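Peer 1: no letters, just coordinates:
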């Protein structure tokens with residue numbers, strides 16, 4: 001069965017539903033888990049990073065099964081069987097390929113709640129990437145931070161005063177800290 005991949009933004013960055021897919025597939029890449037535990041884990045992680053949203057949490061784990069990315073194991077594992085909270089799931093080879101593809105996707109600037117969640121997911125599942133992709137992902141995060149710094153600096157140059165000026169200075173300093181942190185991680189990966 002051939003299932004078409006989910007659409008992406010024009011720049012190939014993840015749409016919200018794909019970020020949820022990445023969360024579910026990454027969890028299963030760490031080991032088999034029941035549907036109930038997987039659902040609670042995905043919902044908890046995404047909700048705490050972005051807040052509850054039907055747009056984001058509308059992904060059906062049953063859809064991942066239909067696409068051949070996950071499969072049930074053990075009892076009640078037949079193709080015609082419905083998944084229950086106790087059904088144990090695992091990632092398929094096709095699911096691993098999809099996971100790596102999602103982890104390779106670019107991150108959109110400016111930093112939105114979705115961008116932050118995608119970065120958090122990339123960092124959470126960083127070790128699941130092939131070694132050759134890790135450097136590229138860190139380079140991408142350094143570049144994204146530099147874009148964010150440039151955007152905020154341009155805004156600050158417009159001469160705003162008071163609390164807005166302080167807020168922009170704080171955001172610029174935070175983006176610089178993140179850029180430096182990503183760069184240090186990139187240097188460490190390159191040194192290996």
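Peer 2: Yep, that arrived. As the structure is a computational prediction, the values presented were derived from the model and not from experiment.
Peer 1: can you report how many residues lie near residue 129?
Peer 2: Residue 129 has 17 neighbours, counted by other CB atoms under 10 Å. C-beta: built from backbone N, CA, C; applies to glycine.
Peer 1: try the one 3 residues further on
Peer 2: A count of neighbours around residue 132, defined by other CB under 10 Å, yields 7.
Peer 1: buried residues, the helix or strand hosting it. List them.
Peer 2: Using DSSP states H and E, residue 132 falls within helix 131-156. Applying a neighbour-count criterion of 16 or more other CB atoms under 10 Å, one finds 134, 137-138, 140-142, 144-149, 151-152, 156 buried in helix 131-156.
Peer 1: what's the domain layout of this protein?
Peer 2: Residue ranges for the domains of the chain, per automatic domain parsing: 1-125, 130-192.
Peer 1: would you format these as TSV with mean pLDDT included?
Peer 2: TSV is the format used below for those (pLDDT from 0 to 100):
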stretch	mean pLDDT
domain 1-125	83
domain 130-192	96
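Peer 1: so which of those domains is the most packed in?
Peer 2: Each of the domains of the chain was scored by mean neighbour count; the highest is domain 1-125, a mean of 16, by mean count of other CB atoms under 10 Å.
Peer 1: now find how far off-centre that one is within its chain.
Peer 2: The chain centroid and the centroid of domain 1-125 are separated by 9 Å, computed with CA atoms, centre = their mean, to the nearest Å.
Peer 1: would you map the strands across the chain?
Peer 2: 33-34, 70-73, 88-91 (DSSP state E).
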